[in-house]
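Undergrad: Next one to model:
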Amino acid sequence: MTPMTALWLPILGSAVLVFIASSILHMATKWHASDYRPVPNEPAFRGAVGPLAIPPGDYMVPRAQSMEEMKSAEFKEKMTSGPVMIFTVFPPGSMSMGRSLGLWFVHLIIIGIFSAYIAGRAPPPGASYLDVFRFAGATAFIAHAVAAWPMWIWYHRNLGTTIKSTIDGLVYGMLTAGVFGWLWP
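TA: You can find the predicted model right below:
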C-alpha cells in the first residue's frame with residue numbers, strides 16, 4: 001500500500017497536465033466546435049424567451065407535476081406537439097472563465113486524489129510503470145468519461161458530443177496514468 005502523502009506530486013502533476021491538454025482540446029482545436037448548434041432564428045427565440053425573465057437554473061418543457069399528469073391526454077399532446085426540451089439558463093452577463101477554469105482545476109485535483117487512493121491501495125511503492133498506469137488510468141477514465149453517458153441516455157444529449165467527451169476522458173485518463181506511472185514513489 002502506498003500512502004496518500006507520497007502521491008501529492010502525481011496528483012498535482014496530473015491535474016496540471018490534464019488542465020493544459022483540455023485547454024488545447026477546447027481552445028486550439030475545432031474538436032468541440034459542433035457540440036452546441038445555434039437555435040434557428042435566434043433573434044425571434046431571444047425575443048420570445050427574453051421577456052419571460054426565466055431565473056438561472058435547469059428546466060424541462062413540458063414538465064409534468066406528477067405521474068398521473070404524465071399519463072393525461074393534455075400532457076401527451078404537449079409532448080407530441082412540442083417543443084420538448086431540457087435547458088439551462090445562465091445569469092445574464094458574460095461567463096466567468098476564471099471561475100469555471102478554477103473549478104475545473106479543483107475537479108482535476110479531486111480526480112487525482114481518487115486515482116491516487118485507488119492506485120495507492122494496489123501497487124506498492126516501487127511498482128512498475130504499467131501496474132500504476134493501469135489502476136490510475138482506469139480510475140481517471142471512469143471519472144472523466146462514464147458520467148457523460150447518462151446525459152445521452154436520459155436527456156438525449158447529442159451522441160457525437162457524448163462520444164467526443166468519452167474520447168476526451170480517455171486522453172485525460174491516459175495522461176493521468178502516465179504522470180502517476182512516471183512519478184510513482
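
Undergrad: got the residue ranges for the helices in the protein?
TA: 8-23, 42-49, 67-70, 73-81, 97-121, 129-141, 148-155, 159-183 (DSSP state H).

Undergrad: residues touching the residue of the chain positioned farthest from its centre, list them.
TA: What lies farthest from the middle of the chain is residue 73; by Cα atoms, centre = their mean that is 36.5 Å. Applying Cβ atoms under 8 Å, 6 or more residues apart in numbering to residue 73 gives no contacts. To be clear about C-beta, it is placed using only N, CA and C from the backbone, and glycine gets the same treatment.

Undergrad: returning to what we had before: please identify the deepest-packed of the helices of the chain.
TA: The highest mean neighbour count among the helices of the chain, using mean count of other Cβ atoms under 10 Å, belongs to helix 129-141: a mean of 21.

Undergrad: which one of the helices of the chain lies closest to residue 34?
TA: Nearest of the helices of the chain to residue 34, taken as Cβ to Cβ: helix 159-183 at 7.2 Å.

Undergrad: now that closest one against helix 129-141, angle please.
TA: Interaxial angle, helix 159-183 versus helix 129-141 (axes from the mean of the first three to the mean of the last three Cα atoms, to 10 degrees): 140 degrees.

Undergrad: residues making contact with helix 159-183?
TA: Outside helix 159-183, the residues within contact range by Cβ under 8 Å, 6+ apart are 7, 9-10, 13-14, 17-18, 21-22, 25, 31-32, 34-35, 111-112, 115-116, 119, 129-130, 132-134, 136-146, 148-149, 151-152.

Undergrad: related to what we said a few turns ago, can you tell me which of the helices of the chain is nearest to residue 60?
TA: helix 148-155 (9.2 Å).

Undergrad: thinking again about what came up before, with mean pLDDT and distance to residue 91 as new columns, can the helices of the chain be given to me in TSV?
TA: Output for the helices of the chain, formatted as TSV (pLDDT from 0 to 100; distance: least, Cβ to Cβ, whole Å):
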stretch	mean pLDDT	distance to residue 91
helix 8-23	97	24
helix 42-49	95	15
helix 67-70	95	30
helix 73-81	95	28
helix 97-121	96	12
helix 129-141	97	32
helix 148-155	94	22
helix 159-183	97	24
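
Undergrad: Out of the ones you listed, which is closest to residue 87?
TA: Among the helices of the chain, the nearest to residue 87 by Cβ to Cβ is helix 42-49 (9.5 Å).

Undergrad: For the closest one, give me every contacting residue.
TA: By Cβ under 8 Å, 6+ apart, helix 42-49 touches residue 39.

Undergrad: hmm, try it at 10 Å
TA: Here helix 42-49 makes contact (Cβ atoms under 10 Å, 6 or more residues apart in numbering) with 38-39, 41, 87, 89.

Undergrad: Present the residues you listed as JSON lines; the columns should include pLDDT and distance to residue 176.
TA: JSON lines is the format used below for those (pLDDT from 0 to 100; distance: Cβ to Cβ, whole Å):
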{"residue": "38", "pLDDT": "94", "distance to residue 176": "34"}
{"residue": "39", "pLDDT": "94", "distance to residue 176": "36"}
{"residue": "41", "pLDDT": "95", "distance to residue 176": "43"}
{"residue": "87", "pLDDT": "92", "distance to residue 176": "32"}
{"residue": "89", "pLDDT": "94", "distance to residue 176": "33"}
